Every structure is written in structure tokens, then in C-alpha cells.
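Undergrad: here is my input, please return the structure:
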Amino acid sequence: MAALRYAGLDDTDSEDELPPGWEQRTTKDGWVYYANHTEEKTQWEHPKTGKRKRIAGDLPYGWEQETDENGQMFFVDHINKRTTYLDPRLAFTVDDNPTKPTTRQRYDSSTTAMEILQGRDFSGKVVVVTGANSGIGFETAKTFALHGAHVILACRNMTRANEAVSRILGEWHKAKVEAMTLDLALLHSVQHFAQAFKAKNVSLHVLVCNAAVFALPWSLTKDGLETTFQVNHLGHFYLVQLLQDVLCRSAPARVVVVSSESHRFTDINDSSGKLDFSRLSPSKNDYWAMLAYNRSKLCNILFSSELHRRLSPRGVTSNAVHPGNMMYSSLHRGWWVYTLLFTLARPFTKSMGALWFDRSFKQPAFDQFTQKRGGLGVFLIPPKKDSYLEENRC
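TA: Purely as a prediction, here's the structure:
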């Protein structure tokens, strides 16, 4: 192989030798994939052996990895003063024999989304992430895009959304990523987004309902509803309803609704135990920002559970997640007191960020986990360090 010859080793007729028209390449996170120039496609498995490989160890002494103006990696041999697009470690790859994941696979607060999806190929998958121009929404969108998915950033602020797209393309110029306008505070905007998405005539394999507001002063949207309730819950509810037919046609598909542990500290029933609709969109006199947020997160969980019950027979699953603290997001910046509290609490809290979005979308063990519990949508919370998966029935 070219990598062997470049490393100064003799080529052989071994089963690892690639057929004509094939090329061996590497990803940024060290996985080997194979490009078929004849059919213009790529795959993770070796075309002869069917094995997956990964790079072992660091670059040889004197070598450095750089990125060219097109976003492609190349390697500099400072000792011999030469450059190449071939990773010199390709001569020393090791077989990767992935074991079937189980629910006892360990993840902790230091695990990243990129680590969870390492070695996975999402080519051909379409992912929509709301509120994806910053925070864990951005990290989720970026992670899927860098693993081959066609990702749509559904955002209110198109300037920031386009900047986020540029940042992703800066990491991989071939990423399939784009931004579309979605303002959850305007039901007309939600409807327009759904129409524009359907006009693309593409599938929808995962919808991540991530966008949210927190600690806002009381205000009504143009639709006449309290803003926190509409943005955090009702807007997403409407979006899922409008895209439900696309999700079902794309099955297996998944909806991931970002909720919060704070849903436990509220109630939406009146003193007689009946649903009190006035609590969902309260008047100014009955409004408290924290309580409004908690109620919207409770609505997220109830919605996700019922959505799973209705659509799972058609191949669409839904799960709610608590992503941990949002210490490094802009969620808490509506009032300086909340910023102070979040800062003080940071050392004592756990955060999994985008890991939980990606895990709830593409983790076979998670599917087995939910099936063992009667197929119900579940509410995932981040485990403590070195602990196993936790779950709560919705």
C-alpha cells in the first residue's frame, strides 16, 4: 500500500492491500475509512476484509499535523522537510473489533459527544436541531455533521446561525450543514419552517427540540401566549405535529426533547387535581420566571411520553433528556442573579452537554434499555462520574 511504501516498508499481496481505485484515509478522531473513487462513495469497513481499523499511537517523532485552506488534513515531516496527505500512522493501524454495547457501558461527566459517536457513520441521515447556534445545541449539530449527517440548524437569529455553520465547515469543509429560520415565539414562523423543510423533499431521522429561554420577564408573544411557555414547549409541540408525517415516512426516526430536572419542582394541576390551563400561560400577576420555566419543562416530559406512545408503533421514538447544568450556555443570562447562582453552583454540579442528545439518538444499548421497560419513552438524566445509566419513567 502507499502508506507502507511511504513508511519505507515493502508492499505485499496481503489481504489488507486495497483493490484498484480505492484509497485509505483517516478522520480527525483517528478512525480509518476507505474511499472508492470508481463508485464515488466511502465506507468504514475494509473492502476485502470487512474489518474496521483505527490509528494506534501518536505521530512519529518530527511529524506534525496541519490543515490546508480547504480544510483537509496534511502531515509535515520536519526531519526530511516534506509534506503528504497520507497519515504516516496508516502503516501501523490496529483492527477495531467493536463489541455489542450494553446498558452497563460506562459514561460519565467527562464524556463528550464526539467520543460517543466515535467511529460511527451518519451518512444519509437528516438531523434538525433547534437553537443550534450556541451551547449544547451547537455541539450536537457539529457532532452529527462531522460524522456525516445532513444537519439543519433551526434558529431565530440567522446571523448567528450562519456563523455557526461557518464554524462547522471550518472543521470539515465537506460537512453537510445549513441554517433555516425558526422563531418558536411565532407560530407562523414554525409553520413556515415546516413548509420550507418539506419543500426540500428529504427525510427526517432525528428532531432535537433543544431551543429554550430562561428567566425572562413576563411578556406575551404575538400569538397571545406567555413567552416561556410558547418557546420552550408549545412551539416545539407544534413543530413536531407539522413534521410528524415526515418523521413517520423516515422511520426509524427519533425525537429528542430537552427537558430539565427542574420539572420536579412544579405542578400544573389545581387543588382538585385537574389540569389548570391558567398555570401554563399565566397572567402578569401570577407569573414567576423560574416557575414558568419549570412548568414548561414538565410539559416537555409529558409531551415526549405521549408522543412516544402514539408514534412508536410507526417507528418513531421519543425521549426527554436532562442535559445537566447549562453553566457555559447563555440560558441563564436573563438576570445577573441567576448568572451568579449558576457560577457558584458550577463546581458542585454535573453536566453531560451534547452527549445525551447523541446517546439518545444513536445508542443500540439505549434502545434495548427502553424496550425492556415496556417501550415507554424515558426521561434520561446524566449519571454521576463512574456510574451507570439512570432513568425515570415519564
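
Undergrad: mean confidence (pLDDT) on stretch 277-294, please.
TA: Mean pLDDT, stretch 277-294: 87.

Undergrad: again but with stretch 127-135, I slipped
TA: Confidence for stretch 127-135, expressed as mean pLDDT, is 95.

Undergrad: so how far is it off the chain centroid?
TA: Centroid separation for stretch 127-135 versus its chain: 8 Å, with C-alpha atoms, centre = their mean, to the nearest Å.

Undergrad: what does stretch 220-229 give?
TA: With C-alpha atoms, centre = their mean as the basis, stretch 220-229 stands 28 Å off its chain's centre.

Undergrad: stretch 220-230 now?
TA: Averaging C-alpha positions (C-alpha atoms, centre = their mean) puts stretch 220-230 27 Å from its chain's average.

Undergrad: quick check: buried residues in that stretch?
TA: Of the residues in stretch 220-230, T221, D223, L225, E226, T227, T228, F229, Q230 count as buried by neighbour count, 16 or more other C-beta atoms under 10 Å. C-beta coordinates here come from the backbone N, C-alpha and C atoms, glycine included.

Undergrad: from those, which ones fall inside helices?
TA: Counted as lying in helices by DSSP state H, out of the buried residues of stretch 220-230, are T227, T228, F229.

Undergrad: which of these sits closest to A161?
TA: A161 lies nearest to T227 out of those, by C-beta to C-beta, at 20.2 Å.

Undergrad: mind checking how far the closest one is from R54?
TA: Going from T227 to R54 by C-beta to C-beta, to the nearest Å gives 47 Å.

Undergrad: again with S283
TA: The spacing between S283 and R54, counted by C-beta to C-beta, is 58 Å.

Undergrad: in terms of neighbours, single out the busier of these two.
TA: Each of S283 and R54 has its neighbours counted (other C-beta atoms under 10 Å); R54 has more, 17 against 10.

Undergrad: now that one: phi and psi?
TA: Per-residue torsions, R54: phi -140, psi 160 (degrees, to the nearest 10).

Undergrad: that one is in contact with W44, isn't it?
TA: No. The criterion here is C-beta atoms under 8 Å, and R54 misses it with W44 at 10.1 Å.

Undergrad: common neighbours of these two, please.
TA: Jointly contacting R54 and W44 under the rule C-beta atoms under 8 Å, 6 or more residues apart in numbering are W31, V32, G119.

Undergrad: mind checking pLDDT for the one residue sitting closest to the centre of the chain?
TA: The centroid of the chain falls nearest to T140 when counting by C-alpha atoms, centre = their mean (3.0 Å). As predicted, T140 sits at a pLDDT of 90.

Undergrad: and it, helix, strand or coil?
TA: Secondary structure assignment for T140 (DSSP: H, G, I helix; E, B strand; the rest coil): helix.

Undergrad: how close does it sit to H37?
TA: Separation of T140 from H37 (C-beta to C-beta) stands at 32 Å.

Undergrad: A212 too?
TA: According to C-beta to C-beta, A212 and H37 sit 45 Å apart.

Undergrad: for the two, indicate the residue with more neighbours.
TA: A212 (25 against 10).

Undergrad: surely the more buried one and N232 touch.
TA: Yes. Contact criterion C-beta under 8 Å: A212 and N232 qualify, at 4.8 Å.

Undergrad: my guess is the residue nearest to the centre of the chain contacts V129, does it?
TA: Yes. Counting by C-beta under 8 Å, V129 is a contact partner of T140 at 5.5 Å.

Undergrad: number of nearby residues for D95?
TA: When neighbours are defined as other C-beta under 10 Å, D95 has 10 of them.

Undergrad: in the stretch 51-200 of the chain, what residue spans correspond to helices?
TA: For the stretch 51-200 of the chain, the helices defined by DSSP state H, counting those that start in this stretch cover 113-116, 135-146, 158-171, 187-199.

Undergrad: buried ones in the last one?
TA: So the one you mean is helix 187-199. Residues of helix 187-199 classed as buried under the neighbour-count rule (16+ other C-beta under 10 Å) are L187, S189, V190, F193, A194, F197.

Undergrad: and of those residues, the nearest to L146?
TA: For those, the residue nearest L146 by C-beta to C-beta is F197; the value is 22.1 Å.

Undergrad: list the contacts of the closest one.
TA: Residues near F197 by C-beta under 8 Å, 6+ apart: V128, I152, M180, L204, L243, V246.

Undergrad: please repeat the previous calculation with a cut-off of 10 Å.
TA: V126, V128, I152, A154, M180, L182, L204, L239, L242, L243, V246 (C-beta atoms under 10 Å, 6 or more residues apart in numbering).

Undergrad: now do the contacts for the last one.
TA: Contacts were defined as C-beta under 10 Å, 6+ apart; by that measure V246 touches 126, 128, 194, 197-198, 200-205, 207, 253.
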